[in-house]
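Visitor: return a 3D structure for these sequence lines:
(one chain, ligands or ions: 1)
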Amino acid sequence: MNLILFGPPAAGKGTQAKRLVDQRGMVQLSTGDMLRAAIASGSEMGQTVKGVLDRGDLVTDEIVIALIEDRLPEAEAAGGAIFDGFPRTVPQARALDAMLAKRGQKIDSVLRLKVDEPALIERISKRFAEQGRPDDNPEVFVTRLAAYNAQTAPLLPYYREQGKLTELDGMASVETVAASIDAALSVVA
Ligand code: AMP
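Guide: Have a look, this model is predicted:
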């Protein structure tokens, strides 16, 4: 099964993805984690994208599509992928569908975690204080939210029209969100 955890930054996608990895043995494919690892390694690509992440903008579709394509065989061997933070643009979503189709696979479910903006801002200030991730600082976070609203939210109709979208209340506790994810996945073939 391949699923997308969809939502703005700080909606809880990473937390829920990690639980699904632990419980179902699926592979979490987080482009944000991959980009941060590239930056930490000092690779050429990492140096190219560092400024983009620091500003809170999106990196090019080509870069993230290539990162995901590299990891698809591993996810397939594990029985499925949880896409976390990818796709973030319509071209990325189309590329993902095409890459999966080439492998005889598809996206089975898109779970949207709905969280309102004041709650996101509160969560991110807490995460910034606890973890100090540079792009969680309040000014950069405004840019990240704007990128979500302008470039990522338009993916919702794309998946709704395919009948794959389930909307979940991401304001609930971690456990309640986890239970609603399990309920949504139990009806996916
Ligand atoms: P995340 O950890 O998912 O919040 O991602 C952190 C940052 O990495 C984002 O603010 C973007 O700069 C970059 N990024 C992660 N995933 C993508 C993506 N699918 N497309 C473009 N940029 C991305």
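Visitor: residue nearest the centroid of the chain?
Guide: Closest residue to the average C-alpha location of the chain: Gly85 at 1.9 Å, with CA atoms, centre = their mean.
Visitor: so it sits against Ala11, correct?
Guide: No: the criterion here is CB atoms under 8 Å, and Gly85 misses it with Ala11 at 10.2 Å. (Each C-beta comes from the backbone N, C-alpha and C, glycine too.)
Visitor: output the contacting helices and strands for the host helix or strand of Leu35.
Guide: Per DSSP states H and E, Leu35 falls inside helix 31-41. Secondary-structure packing of helix 31-41 (3 or more CB pairs under 8 Å, 6 or more residues apart in numbering; DSSP states H and E): helix 44-55, helix 61-78, strand 81-84.
Visitor: direction included, what does the last one pair up with?
Guide: The sheet places strand 81-84 alongside strand 3-6 (parallel), strand 27-30 (parallel), with pairing taken from DSSP bridges.
Visitor: hmm, the first one touching the ligand?
Guide: No: remark: strand 3-6 sits outside contact range of the ligand, by CB under 6 Å from any ligand atom, the gap being at least 10.2 Å.
Visitor: can you list contacts of the very next helix or strand once past that strand?
Guide: Going down the chain from strand 3-6, the next helix or strand is helix 13-24, by DSSP H and E. By CB atoms under 8 Å, 6 or more residues apart in numbering, the surrounding residues in contact with helix 13-24 are 5-7, 26-28, 30, 79-80, 82, 84-85, 113, 174, 177-178, 181.
Visitor: name the helix or strand for the closest residue to Pro138 other than its chain neighbours, please.
Guide: Counting by CB to CB, 6 or more residues apart in numbering, Ser125 is the residue found nearest to Pro138 once chain neighbours are left out, at 6.7 Å. According to DSSP H and E, Ser125 maps onto helix 117-131.
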